[in-house]
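1. Sequence plus predicted model, see below.
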Amino acid sequence: MVFQLISRLVTGEASIYFARLRTIATIYVVMGIFALAMLFFLLLALFAWIAHSIGVVATALIFAAACLVILIGVYIFLTIARRPPRQRAANRVQRDVASIASVAAVSNMPLIFRSLRRRKSLLVVPVAAASAWGLFRVFQNWRDGGYGR
């Protein structure tokens, strides 16, 4: 589009190009208005159909709750999008470091398996750690009343 504009400026046909762009923009605005009207009428039809089934008040409450959920979602999205670029860069760096670490771990798997084949005693440490973590979780659930109390 930029190259078309430059070529039109060079050849002197820029006014025709801008008139065409104005026409296209007008058509898109009209299409947008009709799309919003269509969306409004679809929501109105959905409201009427649900209201016919369960009642007007219940339908209005359902639509109000749905609008509230959408508003909360948009607010969360805007909060995330408005984060300072420094925070977004820090999060990106953390994701990159995590992906590099996972690639390094996967690429070293053959070496790890080879060393485990030679020395079976190396397997004791991860098994003991997993067992200790499992016992800790069982004790924590038992203490909090999670097992049949």
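-> Arrived safely.
2. Low-confidence stretches in the chain?
-> Under the criterion pLDDT under 70, the flagged ranges of the chain are 1-2, 4-5, 8-12, 14, 83, 87-88, 146-149.
3. Have a look at it and report its longest helix.
-> helix 14-54 (DSSP state H).
4. next SSE after that one?
-> Per DSSP states H and E, the first helix or strand lying C-terminal to helix 14-54 is helix 56-81.
5. Give me the buried positions along that following helix.
-> Of the residues in helix 56-81, Thr59 count as buried by neighbour count, 16 or more other C-beta atoms under 10 Å. (C-beta placed from N, C-alpha, C; glycine too.)
6. Summarise which helices and strands that helix is packed against.
-> Judged by 3 or more C-beta pairs under 8 Å, 6 or more residues apart in numbering; DSSP states H and E, helix 56-81 is in contact with helix 14-54.
7. Val138 sits in which helix or strand?
-> Going by DSSP H and E, Val138 is part of helix 124-144.
8. Now find how far off-centre that helix is within its chain.
-> Relative to its parent chain, helix 124-144 has a centroid offset of 34 Å by C-alpha atoms, centre = their mean, to the nearest Å.
9. And stretch 18-38, by the same measure?
-> Centre to centre, stretch against its chain (C-alpha atoms, centre = their mean), the figure for stretch 18-38 is 30 Å.
10. Now do the buried residues in it.
-> So, applying 16+ other C-beta under 10 Å, stretch 18-38 has no buried residues.
11. So what touches stretch 60-78?
-> Residues from elsewhere that reach stretch 60-78 (C-beta atoms under 8 Å, 6 or more residues apart in numbering): Phe47, Ile50, Ala51.
12. rewinding a little: can you show me the CA trace of the helix holding Val138 as CSV?
-> Provided in CSV are the C-alpha atoms of helix 124-144 (Å, rounded to 0.1, in the frame of the first residue of the first chain):
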residue,chain,number,x,y,z
VAL,A,124,18.4,-43.2,45.0
VAL,A,125,18.4,-39.3,45.3
PRO,A,126,15.4,-38.5,43.1
VAL,A,127,13.4,-41.5,44.4
ALA,A,128,14.0,-40.4,48.0
ALA,A,129,13.1,-36.8,47.1
ALA,A,130,9.9,-37.8,45.4
SER,A,131,9.0,-40.1,48.3
ALA,A,132,9.6,-37.4,50.9
TRP,A,133,7.5,-35.0,48.9
GLY,A,134,4.7,-37.5,48.6
LEU,A,135,4.8,-38.2,52.4
PHE,A,136,4.8,-34.5,53.1
ARG,A,137,1.7,-34.1,50.9
VAL,A,138,-0.1,-37.0,52.6
PHE,A,139,0.7,-35.6,56.0
GLN,A,140,-0.4,-32.2,55.0
ASN,A,141,-3.7,-33.5,53.7
TRP,A,142,-4.2,-35.6,56.8
ARG,A,143,-3.5,-32.7,59.1
ASP,A,144,-5.9,-30.4,57.1
